[in-house]
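Engineer: next input, structure requested:
(chains A and B)
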Amino acid sequence: MILYAVGVNHRTAPVELREQLHLSADEIAAALDVLRRDGLREASIVSTCNRTELFAIPDNEDIGGQQLIDALKRLRPSAKLEDRHFFRLFTCGAVRHLYRVASAIDSQVLGDMQILGQVKDAYEVAVDRGAAGNVLNHLYMGAFRTGKRVRTETSIGIGAVSISFAAVELARRIFSDLHRKKVLLIGAGETGELAARHLISKGVEDITLTNRTHEKAVALAGALHARVVPFESFPAMLHEVDIVISATAAPDTVVKYDMVQQAMRHRQNRTMLLIDIAVPRDIDPAIDRLPGVFLKDVDSLQSIVDQNVEKRRSEIPRAEIIITEEVVNFFLWFNALEATPTIQQLREKFEQIRALELEKFKNKIGESDFERVELLTKRIINKLLHPTMVSLKEPVTDSAVLSTRLQVLRELFDLDSSDDGGHTHRQAS
Amino acid sequence: MDANLLQLAKSIAEVFLPILYVVTAIGYGMAFFRDDAMARQWKSRLLLATTATHFAYIGLHTASEGHCMVTTPFEMMSLVAFTLIATYTVIEFKTSVKGTGFFLVTLAGAFELVSSVMLKVTTGGEMNPVLSNLGIGLHVTAAIFGFGGIAISAVYGLLYLLLFGELKRSDFGKFFKHLPSLESLERLNTAASIIGFAFLTVAIGIGVFWLPRTFANFSYLDPKLLATALVWCVYAAVLFAKYVLKLDGRRVIRLSIGGFVLAIFSLTVVNAFFSHFHKFY
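Structural biologist: Got it, this is the predicted structure:
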């Protein structure tokens, strides 16, 4: 029984190829049905914008990594994917990979914990389709535990790693309650919109939008539940707002020194944060000298992002330790699975001998005595087998140790003479 | 409780309390500056242990000495330390303001260390019976809360200035990462200033009204009284600047820190020249 992981991700294939293999939840469900018909005992597919990965246990040894890659390719025959775009891992590598994915160590945005939810979704689809058996259940439970541990025991998900989110982080270090703050967004571009959306997610409710092209502002205002003011009017309401985000494509400054000076006088120097995420800059840099004003541009925000990325990177070794612990835990359990058929055969053999020997006495003693002898022999066998069973079920750190033990046992008790292939056709109990 | 046993318990607490303060401050420091996982995990428990031990110590000291810890400036310093750490314990467990523990615990620890060392040197004298007077008790209690309030105000003010500096310079270091927002720090600074000012007002009021009736040689020119009145004036100016002149947060906070420095001067330097807390006692 071998666990495989094959697929494409941001490390192996460019986005234009990755997106061709992206599967929706319904497509994954259908694909799992097909894959199981084609000889996979257990299977699951994790598909996000950055990866489509199959975790599978084939029914027999004829199916290997290459066959699984071919199976994935067949799901999207039109995709221009070649073998070199796929990674292939098995057993320990496959488990470690899933645990790294669940921990967001393997994410394009390091520490982006959204992936843990996506891994959970993949598992739920596999469960729904009956494609997750004992091994995948254990594997995914381990992955969730690993992801949760990495999130809580390290700082891998802490701090903004995008310019727009860094703007929000900055605002939260200045203002205690964003819920009560008023925001002015100048410009209707994507970066400004993203920063506004992050602010909304952190509690901002009062957003005013202005843009040279009024129609664009109106269109975006609907999505942000913001009100719109004409571009010419925004200086007059500047004193009302606590946070200004400017992200226009204007070649000259949009927010002038005099405007903010007047606004600050009006608001009695109550703190105002101005975030300039435009290049070239929209806000006169001299404004930063005004009392009560914080002006931050793209470079300032980028330095927050850089520090956070560096901090996240420094957490990778701690995360890897947790992942290794959980991989070891998984294999302690997984290796014990190998012993199951031998345990069954050994018990059956003992039972056969017991039944055969008892049969010889059946007609020589009374019925009640026979029942007593039967009970007694069962107890003796259980007691004889108990230490062996316990020893075989004990987790081992080295699978070779377990294999040797099993081999010795099979030879000592001559289990292979009546073997119907149980050793190689182990069933996950 | 048996007197010997009481004395033994007090002696043990006396030894362990400063150690606990140091360990707790180190724990908070390691969590703040080195982001140490174990320190993050243990710091709050250490804080609770220190606060509880200090509370027990005050009880043991009162029971074994037969009077409240208000007879010498060093006993009062221990009460100020307790006020600081108990206030921070409430802040940590009841508000969203986190990350300021190192600074408050260190300040409280400094008060307690000085108190512990100096009490060892100075204890043993007889208590003046006048200290059992209700008016004096209220005067001293109000003064302790007053000094505790302005000490907390100064810590949050200092943290405000440090965070402000990092934000202005775009040098986003430890304070940016771990401290609460500027607005929260300013609010805590103001709240603590108001509380400190209110208690100092009560302390001075009682002092001016009650002390002349209690001490025959009372003098309005007592250096401690003058220094405390000066501290009171500074905090009155702080609140005036904040609420009437509407000065920006940074200037108000600088003024409040000035008030705290003056208060420390009044507690330490003035005491160095007088054998008693006041000139007349």
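Engineer: what packs against the helix or strand hosting A:Arg36?
Structural biologist: Assigned by DSSP states H and E, A:Arg36 belongs to helix A:25-37. Here helix A:25-37 touches strand A:40-48, helix A:65-75, helix A:114-128, going by 3 or more Cβ pairs under 8 Å, 6 or more residues apart in numbering or on different chains; DSSP states H and E. In this view, the C-beta of every residue, glycine as well, is placed from N, C-alpha and C.
Engineer: mean confidence (pLDDT) on it, please.
Structural biologist: Here helix A:25-37 scores 94 as its mean pLDDT.
Engineer: again, but for stretch B:79-89
Structural biologist: Rounded mean pLDDT across stretch B:79-89 is 91.
Engineer: contacts for that stretch?
Structural biologist: If you take Cβ atoms under 8 Å, 6 or more residues apart in numbering or on different chains as the criterion, stretch B:79-89 is touched by B:21, B:47-48, B:50-51, B:54-55, B:58, B:69-70, B:100-101, B:104-105, B:107-109, B:111-112, B:115, B:144-145, B:147-148, B:151-152.
Engineer: can you list the residue ranges for strands in chain A?
Structural biologist: Per DSSP state E, chain A carries strands over the ranges A:4-9, A:40-48, A:51-58, A:87-90, A:182-186, A:206-210, A:227-228, A:243-246, A:272-276, A:293-297.
Engineer: of all these, which one is nearest chain B?
Structural biologist: Nearest of the strands of chain A to chain B, taken as Cβ to the nearest Cβ: strand A:293-297 at 5.9 Å.
Engineer: quick one: contacts of that closest one?
Structural biologist: By Cβ under 8 Å, 6+ apart, strand A:293-297 touches A:167, A:170, A:174, A:260, A:264, A:271-277, A:281, A:283, A:285, A:287-288, B:167-168, B:170.
Engineer: same check, this time on stretch A:23-36
Structural biologist: With contact meaning Cβ under 8 Å, 6+ apart, stretch A:23-36 is reached by A:43-45, A:47, A:52, A:54, A:56, A:71, A:75, A:121-122, A:125-126, A:128-131.
Engineer: so for the longest helix along chain A, mean pLDDT?
Structural biologist: Secondary structure assigned by DSSP state H gives helix A:367-393 as the longest helix of chain A. Taken as a whole, helix A:367-393 has an average pLDDT of 88.
Engineer: spell out which residues of chain A are next to chain B.
Structural biologist: Within chain A, the positions near chain B by Cβ under 8 Å from any Cβ of the partner chain are A:153, A:155, A:159, A:170, A:172-177, A:268-269, A:271, A:288, A:291-292, A:294, A:296, A:299-300, A:303-304, A:307, A:318.
Engineer: buried subset of the residues you listed, written for ChimeraX?
Structural biologist: In ChimeraX, this line selects whichever of the residues of chain A next to chain B come out buried by 16 or more other Cβ atoms under 10 Å in any protein chain shown:
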select /A:155,159,170,172,173,174,175,176,269,271,288,292,294,296,300,304,307
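Engineer: how does the chain divide up, domain by domain?
Structural biologist: Answering for chain A, as no chain was given. Per automatic domain parsing, the domain ranges recorded for chain A read A:4-158, A:180-302, A:332-418.
Engineer: was after chain B, sorry
Structural biologist: B:1-127, B:130-281.
Engineer: which residue packs closest to B:Ile194, ignoring adjacent ones?
Structural biologist: Leaving aside its chain neighbours, B:Ile194 sits nearest to B:Leu239 (6.8 Å; criterion: Cβ to Cβ, 6 or more residues apart in numbering or on different chains).
Engineer: host element of that neighbour?
Structural biologist: helix B:223-243.
Engineer: next SSE after that helix?
Structural biologist: Scanning forward in sequence from helix B:223-243 by DSSP H and E, the next helix or strand is helix B:249-272.
Engineer: what is that next one packed up against?
Structural biologist: So helix B:249-272, by 3+ Cβ pairs under 8 Å, 6+ apart, packs with helix B:73-94, helix B:134-169, helix B:182-214, helix B:223-243.
Engineer: could you dump the ones you listed to TSV with mean neighbour count?
Structural biologist: Output for the helices and strands packed on helix B:249-272, formatted as TSV (neighbours: other Cβ atoms under 10 Å in any protein chain shown):
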stretch	mean neighbour count
helix B:73-94	21
helix B:134-169	22
helix B:182-214	20
helix B:223-243	19
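Engineer: hmm, back to that, next one: the residue nearest to B:Ile194 relative to A:Gln407, how far apart?
Structural biologist: Separation of B:Leu239 from A:Gln407 (Cβ to Cβ, to the nearest Å): 85 Å.
Engineer: still on that earlier bit, show me how to select, in ChimeraX, the buried members of the contacts of strand A:293-297.
Structural biologist: A single ChimeraX command selects the buried members of the contacts of strand A:293-297 (16+ other Cβ under 10 Å):
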select /A:167,170,174,260,264,271,272,273,274,275,276,277,281,283,287,288 /B:167,170
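Engineer: any stretches of the chain with poor pLDDT?
Structural biologist: No chain in the question, so chain A it is. Applying pLDDT under 70 to chain A flags the ranges A:395-399, A:417-429.
Engineer: my bad, the chain I had in mind was chain B
Structural biologist: Low-confidence segments of chain B (pLDDT under 70): B:1, B:120-133, B:270-281.
Engineer: thanks a lot, catch you later.
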